Every structure is written in C-alpha cells, then in structure tokens.
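Undergrad: Fold the following, please.
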Amino acid sequence: MTQTLKVGIVAGEASGDILGAGLIRALKKHYPHIEFAGIGGPRMLAEGFHSFFPQDRLAVMGLSEPLKRLPELLRIRRFLIDHFSEQQPAVFIGIDSPDFNLTLEQKLHDSGVKTVHYVSPSVWAWRQGRIKKIRRAVDLMLTLLPFEAQFYRDHNVPVQFVGHTLADDIPLQTDTALARSKLKLDLPAETPVVALLPGSRQGEVERLGPVFYQAARLCLEQRPGLRFVLPASSGHRYRQIHQQLSEYSDLPVTLVQGKSHEVMAAADVVVLASGTTALEAMLLKKPMVVSYKMGWLSYKIISAMLRVPYVSLPNLLASEALVPELIQHDATAQGIATQVLAFFDNPDQVETLKERFLQLHESLRCNASATAANAVVNLIDGVAPNTVAQD
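TA: Numbers count the residues shown, from 1 in each chain. Model (predicted):
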C-alpha cells in the first residue's frame, strides 16, 4: 500500500498563491500520492490544496493593520504550529510573508519538521541581523534572484536559487504593437508612448502621481507627439488617479483599469515606482526611470539601515546603475523628465540597454517551479543542496 506524502504550505499573499500553485503542480510530478494543507489562495485550491483559513486573513499591510489584527494572526499561527507539530508533514514550506512564516518555521523546525522558505526576505538589503533567525528556522532557502543566494552562501544558510516565475512566463521578445492593439490605443505605429506607474497604494499615488504628471508635461513641451498611458491597479486607485488627472486635462493620457503588464509592453519608456514592477519592465525590455518618495520619518529610518547601493531590481541584478533611480529628494518632475527624454534622444544606448535586459532575463529563466520542486524533493530525500558554502 503506497503511503501518502503530506506537505504543509502557508502562502499569505496573492503572489505567494501563484508560486504555491506552480510548486504544487511540479511536486505532483514527483509524488503520485501527495497531499497539501495549510493556507493558500484560489490558484492553490484549484490544485487540490486544503486551506485551513482564507488566505486574505494573512494579507495585512502597513504598521497599524498588523497590530489591530495581531490576536487573530497569533491564533492562526498557534493552530498551524499545533497541527503540523502533531501531524508532521514530510516538509513545511513558507512562501514569502516572512513576519508570519519565519516564526512558524522555527517552531516547526524545533519540533523536527523539515522547513523551507520560498522567496527571500530583503535581509540582504536591510536588517541583516535577521539572518540569524533564518539560519535557525529553515533547512533550505529558495531564492528568486541570484545575488540573494550568494548572500545566504556567505552566511552558511542552505540555499537554492530557483529563478523567477515572471522570467519564465514573459517571452524573451515583447510585441509592442500587439500590446497597443489590446489596449485599443489606436495610435500610429511611430507614436512614442510613455507609461506612468506611480504605484499601487494610496500613499504612493498621492506622493508620486503629481510628480509624474508634471514630468509628463515637461516631456510634452520638448516632444509634442508623446502620448501617455497609466494603469490603475484597482478601482480605488482608478478613482484617485482620475481625480488627480482633472488638474492635468492638457495631458494626452489614457487611464486604464488594471492591465499594467500590457501598458508597459505598449510603451517605449516606463516611469515607475520602485518595486517588483521594475523587474517586470526589465523583462519586457523597456527603458525605465525608477522613482520613489515616502514619508520623511520612514525614509530616515530605512535609508539608515539600507546596505545596498541601489533600490531597483535591474540595478541590483546587474550590480551597476543600468537605469536611473530618483529617490526621495531627487524624485522631481524635472529630474524624471530629463531622464525620459534622454532615452528618446539616445536610441543606440537604448538598444544596448535592451540587450543587457535580455541577458538578465535569460539568467532568471530557470523553470522556477520545477527547480524549486527538485530542491524540495532533495531535502525530503536527505540530499544536501550543492549551493551551500563549504567550510
């Protein structure tokens, strides 16, 4: 009689649900008799995953919301610790959500469960002291980016670089004309288009939106043929941006509900708030200007703890300033406009940049879900990862 292999997984956000579903599909190919339980979203549920709680109960943001929800979050974590300690799975996998998952992983690790953390926290960038807790909590770290894996090797934490699912999903070549057609922009093929992405959160749009619109005005003065496209990440952001744009009725801008991927694919240059969006723009081979502004106190605290020379993923991956970063006091309309126009004025440099982006894309294209599954299988089988730093 074949024994069923049990795997615990907790994915607290929508991005983790995508990774979890891919990992589940890949693990099923290794084990015909396998069960998954924990916390996951709709994509994981569609793969037969059993979720003890709705995934959105873990999706908290900011500083105040986690404090308000703390009693509930602690109850959920206590249930998971008790359940997986008593009915021990072959492996427990925490996907992202480090504030919730790392403590859970450490408790389960102490009880004898093999533990994996999928998606590295930004420990390499700030609060590097967290590496001590990670070393105690996990048997294996799975990283999406190669420089993350090197950090763990340097700190003697078992690690496997698996690549990024976005790099697997996005084609190596981008069809700009097709993207414009899907958005029904109805522009001549030679029309230069700039995508504006001021962020997905209210505060980000509040701070960056007007700066981006003013930069667009300055660009338009130099290049009257420019057109702008702006995706709103949600209905709330759509209404917020629509209200902001009422003061910029002179701008030839198309506001789109969602579809940020298509908007970036349709553009010649992208102006964006720093974050994962910069990685997606890089994979789409789009020249970009990365900008960000935050509250002065948050900036003072975070900048004091930052341990890396860049904030955008393209620059971190390349270990050089491939794209301009205009952060906090440098995030001005004039500064952004100058960088955008420089891309249009230097087509040869843009082609060189796109070639560099292609190289980085290929370096991240590792069939991430299958690679992650192989690493988990090796851990279950007692095979040490070959990426651990040796004494």
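Undergrad: which residue packs closest to G41, ignoring adjacent ones?
TA: Nearest non-adjacent residue to G41, counting by Cβ to Cβ, 6 or more residues apart in numbering: D17, 3.1 Å away. (Glycine included, C-beta is placed from N, CA and C.)
Undergrad: Hmm, I39 and the one you found touching each other?
TA: No - D17 lies out of contact with I39 (Cβ atoms under 8 Å); the separation is 9.8 Å.
Undergrad: higher neighbour count, those two?
TA: I39 (30 against 24; other Cβ atoms under 10 Å).
Undergrad: All the helices of the stretch 201-350 of the chain, residue numbers only.
TA: 202-222, 235-245, 260-266, 276-283, 296-305, 313-318, 333-345, 347-364 (DSSP state H, counting those that start in this stretch).
Undergrad: comparing these, which gets the lowest mean pLDDT score?
TA: In terms of mean pLDDT, the lowest-scoring of the helices of the stretch 201-350 of the chain is helix 296-305 (a mean of 62).
Undergrad: Any chance you could list residues touching both of D17 and I39?
TA: Each of 11, 55 lies in contact with both D17 and I39 under the rule Cβ atoms under 8 Å, 6 or more residues apart in numbering.
Undergrad: Would you map the strands across the chain?
TA: Counting by DSSP state E, one finds strands in the chain at the ranges 5-11, 34-39, 50-51, 91-95, 115-118, 140-143, 159-161, 193-197, 227-232, 253-257, 269-273, 288-292, 325-327.
Undergrad: Could you dump the ones you listed into TSV with distance to N378 and mean pLDDT added?
TA: TSV is the format used below for these (distance: least, Cβ to Cβ, whole Å; pLDDT from 0 to 100):
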stretch	distance to N378	mean pLDDT
strand 5-11	14	97
strand 34-39	16	97
strand 50-51	25	96
strand 91-95	11	98
strand 115-118	11	98
strand 140-143	9	96
strand 159-161	8	96
strand 193-197	39	98
strand 227-232	40	96
strand 253-257	44	95
strand 269-273	37	96
strand 288-292	37	94
strand 325-327	38	93
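Undergrad: one step back: which one of the helices of the stretch 201-350 of the chain lies nearest to Q55?
TA: helix 276-283 (18.7 Å; Cβ to Cβ).
Undergrad: who does that closest one touch, helix- and strand-wise?
TA: helix 165-169, helix 260-266, strand 269-273, strand 288-292, helix 313-318, helix 347-364 (3 or more Cβ pairs under 8 Å, 6 or more residues apart in numbering; DSSP states H and E).
Undergrad: Just want the angle from that helix to strand 193-197.
TA: Compare the direction of helix 276-283 with that of strand 193-197 by axes from the mean of the first three to the mean of the last three Cα atoms, to 10 degrees and you get 150 degrees.
Undergrad: What residues of helix 276-283 count as buried?
TA: Buried residues in helix 276-283, counting neighbours by 16 or more other Cβ atoms under 10 Å, are found at 277-283.
Undergrad: circling back to that earlier point, make JSON lines from the strands of the chain and add distance to D168 to it.
TA: Formatted as JSON lines, the strands of the chain follow (distance: least, Cβ to Cβ, whole Å):
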{"stretch": "strand 5-11", "distance to D168": "18"}
{"stretch": "strand 34-39", "distance to D168": "21"}
{"stretch": "strand 50-51", "distance to D168": "25"}
{"stretch": "strand 91-95", "distance to D168": "17"}
{"stretch": "strand 115-118", "distance to D168": "15"}
{"stretch": "strand 140-143", "distance to D168": "15"}
{"stretch": "strand 159-161", "distance to D168": "14"}
{"stretch": "strand 193-197", "distance to D168": "22"}
{"stretch": "strand 227-232", "distance to D168": "23"}
{"stretch": "strand 253-257", "distance to D168": "25"}
{"stretch": "strand 269-273", "distance to D168": "21"}
{"stretch": "strand 288-292", "distance to D168": "21"}
{"stretch": "strand 325-327", "distance to D168": "27"}
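Undergrad: And these: which comes nearest L341?
TA: strand 269-273 (9.1 Å).
Undergrad: partner strands of the closest one, parallel or antiparallel?
TA: strand 193-197 (parallel), strand 288-292 (parallel) (DSSP bridges).
Undergrad: Around the closest residue to S319 other than its chain neighbours, count how many other residues there are.
TA: Spatial nearest neighbour of S319, chain neighbours left out: F147 (7.5 Å); criterion: Cβ to Cβ, 6+ apart. For F147, the count of nearby residues is 16 (other Cβ under 10 Å).
Undergrad: how close does F147 get to L360?
TA: The gap separating F147 from L360 is 11 Å, by Cβ to Cβ, to the nearest Å.
Undergrad: Find residues that contact each of the two.
TA: By Cβ under 8 Å, 6+ apart, the residues touching both F147 and L360 are L317.
Undergrad: Could you tell me how far K286 is located from T191?
TA: For K286, the distance to T191 - Cβ to Cβ - is 16 Å.
Undergrad: Pick out whichever of these two has more residues nearby.
TA: Neighbour totals were compared for K286 and T191, and K286 leads with 26 against 14 (other Cβ under 10 Å).
Undergrad: doesn't V270 make contact with the more buried one?
TA: Yes - the criterion here is Cβ under 8 Å, and K286 meets it with V270 at 4.8 Å.
Undergrad: Touching both of those two, which residues are there?
TA: Going by Cβ under 8 Å, 6+ apart, residues that sit against K286 and also against V270 are 195, 264.
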